[in-house]
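Q: 3D model of this:
(one chain, ligands or ions: 1)
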Amino acid sequence: MTALLQVEGVGKRFGEFAAISDVTLDLRGGETLGLIGPNGAGKTTLFNMITGFLKPDAGSLRFDGAAIDRLAPAQRVARGLVRSFQKPMLFPALALRENIAMAARQHAGRGLSWWGGARATRAANDEADRLLIEAGLQHRAEARVADLAYGEQRMADLLIALALRPRLLLLDEPTAGLAPDEARRLLAIIRRHDEGTSVMLITHEVEIAFAACDRIAVLNLGRLLCLDTPAAVQAHPAVREAYLGALAA
Ligand SMILES: Nc1ncnc2c1ncn2[C@@H]1O[C@H](COP(=O)(O)OP(=O)(O)OP(=O)(O)O)[C@@H](O)[C@H]1O
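A: Residues are numbered from 1 along each chain as shown. Sure, this is the predicted structure:
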């Protein structure tokens, strides 16, 4: 499998503090890659550099073979590198279907414009309905996002991101605060979209990473401890010492 994303020797300092040091990893087309590590390990900082919200001090990033270091976040989204945003990115006063349809229209190149022609509107609404049915949320299609329960809003975040048809979807703690059955449903949808969409998933819940990911990258103190299959990561002595051992204690 060829690499869809290549992170090469990336580093980021905040003043004297090295939040990320010399991280090199690749993400392959179609895979779900977990990103785990203790609090403060640098997971979100790495996400922010991949998505263009933070500029690395060192190293380079390639997406689908092309350098993306100089691209703004919106330009990276246009190439298919999409991050699932939390609540503030939704339009809370609008219906759930409308929120998803707007993302579908954005993917179709019509931005947030309301007046894109009847055909574009219909296609976006169809895409929204398809995603809502897949998530079992069709009965909430007309509900205002502000009125959705917490778990439904997290699912809405995911559906909006999927409506942008990502080639790489970056998810930061998508199951945080969800009931186990909600988390299972959300992960099932993430897994179902695997074939056309690669996923990078930050999670504190290691059992989720082990169950849902093809490979797992472990960060500790800003450095990559290992990148391997779940079974190999679980057996890795340095990971057990730095992270899993502490969790088991
Ligand atoms: N803008 C910033 N300015 C200064 N320090 C920062 C900044 N952003 C992150 N840090 C520090 O960098 C380190 C890595 O933070 P980061 O949020 O990337 O870790 P994380 O692995 O995502 O942690 P968590 O699991 O707790 O979310 C932390 O020590 C954090 O305090």
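Q: Every contact and neighbour count from this point should use C-alpha atoms.
A: Will do.
Q: got a list of what Arg185 touches?
A: Ala135 (CA atoms under 8 Å, 6 or more residues apart in numbering).
Q: and it, that's in a helix?
A: Yes - counting by DSSP: H, G, I helix; E, B strand; the rest coil, Arg185 falls inside a helix.
Q: Give me the distance from whichever helix in the chain runs longest to the chain's centre.
A: The single longest helix within the chain, with elements called by DSSP state H, is helix 118-134. How far helix 118-134 lies from its chain's middle: 22 Å, per CA atoms, centre = their mean, to the nearest Å.
Q: And the helix or strand just after it, what does it pack against?
A: Next helix or strand after helix 118-134 toward the C-terminus (DSSP states H and E): helix 150-163. Counting contacts by 3 or more CA pairs under 8 Å, 6 or more residues apart in numbering; DSSP states H and E, helix 150-163 is packed against helix 96-107, helix 118-134.
Q: any idea of the angle helix 150-163 forms with helix 118-134?
A: In terms of direction (axes from the mean of the first three to the mean of the last three CA atoms, to 10 degrees), helix 150-163 departs from helix 118-134 by 130 degrees.
Q: that older thread, of all the residues in the longest helix of the chain, which ones are buried?
A: Buried residues in helix 118-134, counting neighbours by 16 or more other CA atoms under 10 Å, are found at Ala120, Thr121, Ala124, Asn125, Glu127, Ala128, Asp129, Leu131, Leu132.
Q: what sits against the fourth one?
A: With contact taken as CA under 8 Å, 6+ apart, Asn125 is in contact with Arg97, Glu98, Ala101.
Q: how about those residues in JSON lines, adding neighbour count, pLDDT and distance to Ser21?
A: Listed next are these as JSON lines, based on neighbours: other CA atoms under 10 Å; pLDDT from 0 to 100; distance: CA to CA, whole Å:
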{"residue": "Arg97", "neighbour count": "27", "pLDDT": "95", "distance to Ser21": "42"}
{"residue": "Glu98", "neighbour count": "21", "pLDDT": "93", "distance to Ser21": "42"}
{"residue": "Ala101", "neighbour count": "28", "pLDDT": "93", "distance to Ser21": "40"}
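Q: Let me know the secondary structure of Val7.
A: On the three-state scheme (three-state DSSP), Val7 is labelled strand.
Q: What pLDDT is listed against it?
A: Note for Val7: predicted pLDDT of 98.
Q: does it really touch Asp64, like I thought?
A: No - contact criterion CA atoms under 8 Å: Val7 and Asp64 do not qualify, at 11.6 Å.
Q: mind putting the helices and strands packed on helix 150-163 in TSV, distance to the ligand included?
A: Formatted as TSV, these follow (distance: least, CA to the nearest ligand atom, whole Å):
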stretch	distance to the ligand
helix 96-107	26
helix 118-134	29
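Q: That's all I had, so thanks and see you.
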